[in-house]
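> no FASTA, just this:
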């Protein structure tokens, strides 16, 4: 099936700016139907997945990135995972929250998430992952990532992301753009952006009017020597499988596996990220238990 979601990377102002724009409508719709998200949850997850994909595009090779929002709000937080090749997945801890519109007539994502903490965890294949954390500033996600970039990565950034939800709960449009100032940016360039950005229409308005990611960046940065460097597809993808779940059961240990063999005819295992269901029979669990026993015996003999 042909997919229309994609991300572009660009530079501007002779390399003093790097910019990203993306369309994520289809993948956010997939998240919505997989998890049965209510509109506020769709907007929260859609916005977070969009920025996570931007951050993932900065990774190298087999690196992975996880975003966790721990929240005291009614959504109770969310988790998003992405990689360096445009795959993303995620879930909201309390996906069926109904909230009145905020004072701007928009979905009240901030009321759903704030207060809380934003954690960004990079797995670079080293002994331990790198983690950066900041307190949520508004819970609107874009503001919070802009604060994270400034505080944890010392990179001043414009983060404009949005998810537009239809009355029936489906996602109409989702995506956004991120502009980052690099160390060589002159103060005059900073002033120019600060004057311009407030006059750019909301990103959901631009997307809903048919603007592509390229057109959005040209609107914002077109007179600053904008150069598109890369275009890549992005998609909702979960690598879960029955084999992974079976391997995970081994970590329960011998006593827990013996209890499952005695008490359960069949296990139903559900993936948090995609809601796929997998079934493991009592015989499968016994086989895992036998493998664990044989492995332990081999270790003793060795």
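Cool, got the structure. Because the structure is predicted, anything quoted here is derived from the model rather than measured.
> ok, so what distance separates residue 279 from residue 22?
Distance of residue 279 to residue 22, given as Cβ to Cβ, to the nearest Å: 36 Å. Placement of C-beta: from N, CA and C, glycine included.
> How far off centre is stretch 35-43?
14 Å (Cα atoms, centre = their mean, to the nearest Å).
> same check, this time on stretch 206-223
Remark: stretch 206-223 is offset 22 Å from the chain centroid, using Cα atoms, centre = their mean.
> do stretch 255-263 as well
In terms of Cα atoms, centre = their mean, the centre of stretch 255-263 is found 36 Å from the chain centre.
> Please apply the same query to stretch 81-89.
Worked out by Cα atoms, centre = their mean, stretch 81-89 lies 8 Å from the chain centre.
> Of residue 279 and residue 22, which one has the most company?
Legend: neighbour count by other Cβ atoms under 10 Å for residue 279 and residue 22, higher for residue 22 (27 against 11).
> confidence score at the closest residue to the more buried one other than its chain neighbours?
Leaving aside its sequence neighbours, residue 22 sits nearest to residue 7 (Cβ to Cβ, 6 or more residues apart in numbering; 3.9 Å). Note for residue 7: predicted pLDDT of 98.
> Quick check: residue 7 vs residue 57, distance?
In terms of Cβ to Cβ, residue 7 sits 6 Å off from residue 57.
> what about the residue nearest the centre of the chain, which helix or strand?
Residue closest to the average C-alpha location in the chain (Cα atoms, centre = their mean): residue 49, at 2.9 Å. In this structure, residue 49 sits in helix 39-56 according to DSSP states H and E.
> Equivalent analysis for residue 257, please.
helix 254-263.
> Show me what that helix is packed up against.
Contacts defined by 3 or more Cβ pairs under 8 Å, 6 or more residues apart in numbering; DSSP states H and E place helix 254-263 against helix 242-250, helix 282-301.
> and the nearest residue to residue 139 once chain neighbours are set aside, how many neighbours?
In space, and not counting its chain neighbours, residue 139 is closest to residue 114: 3.0 Å by Cβ to Cβ, 6+ apart. Residue 114 has 21 neighbouring residues, counting by other Cβ under 10 Å.
> can you tell me how far residue 114 sits from residue 49?
Taking Cβ to Cβ, one finds residue 114 at 19 Å from residue 49.
> And for residue 86?
Counting by Cβ to Cβ, the gap from residue 86 to residue 49 is 11 Å.
> got it, and residue 254?
From residue 254 to residue 49 the distance is 39 Å (Cβ to Cβ).
> now residue 277
Counting by Cβ to Cβ - residue 277 and residue 49 are separated by 23 Å.
> got it, and residue 195?
As judged by Cβ to Cβ, residue 195 and residue 49 stand 30 Å apart.
> Could you do residue 287 as well?
Relative to residue 49, and taking Cβ to Cβ, residue 287 is found at 37 Å.
> Likewise for residue 101?
22 Å.
> Repeat that for residue 17.
Distance from residue 17 to residue 49, by Cβ to Cβ: 24 Å.
> Wait, a helix at residue 232?
No - Residue 232 is assigned strand when assessed by DSSP: H, G, I helix; E, B strand; the rest coil, not a helix.
> and it, what does it touch?
Counting by Cβ atoms under 8 Å, 6 or more residues apart in numbering, residue 232 touches 6-9, 57, 85-86.
> rerun at 6 Å
By Cβ atoms under 6 Å, 6 or more residues apart in numbering, the contact set of residue 232 is 7, 86.
> Measure how buried the nearest residue to residue 291 once chain neighbours are set aside is and give me the count.
Leaving aside its sequence neighbours, residue 291 sits nearest to residue 250 (Cβ to Cβ, 6+ apart; 7.6 Å). By the criterion of other Cβ under 10 Å, residue 250 has 14 neighbours.
> and the gap between residue 250 and residue 145?
37 Å.
> ok, now residue 138?
Distance from residue 138 to residue 145, by Cβ to Cβ: 11 Å.
> What of residue 293?
From residue 293 over to residue 145 the distance is 48 Å, taken as Cβ to Cβ.
> between those two, which one's more packed in?
Legend: neighbour count by other Cβ under 10 Å for residue 293 and residue 145, higher for residue 145 (26 against 12).
> is it true that the more buried one touches residue 51?
Yes - contact criterion Cβ atoms under 6 Å: residue 145 and residue 51 qualify, at 4.8 Å.
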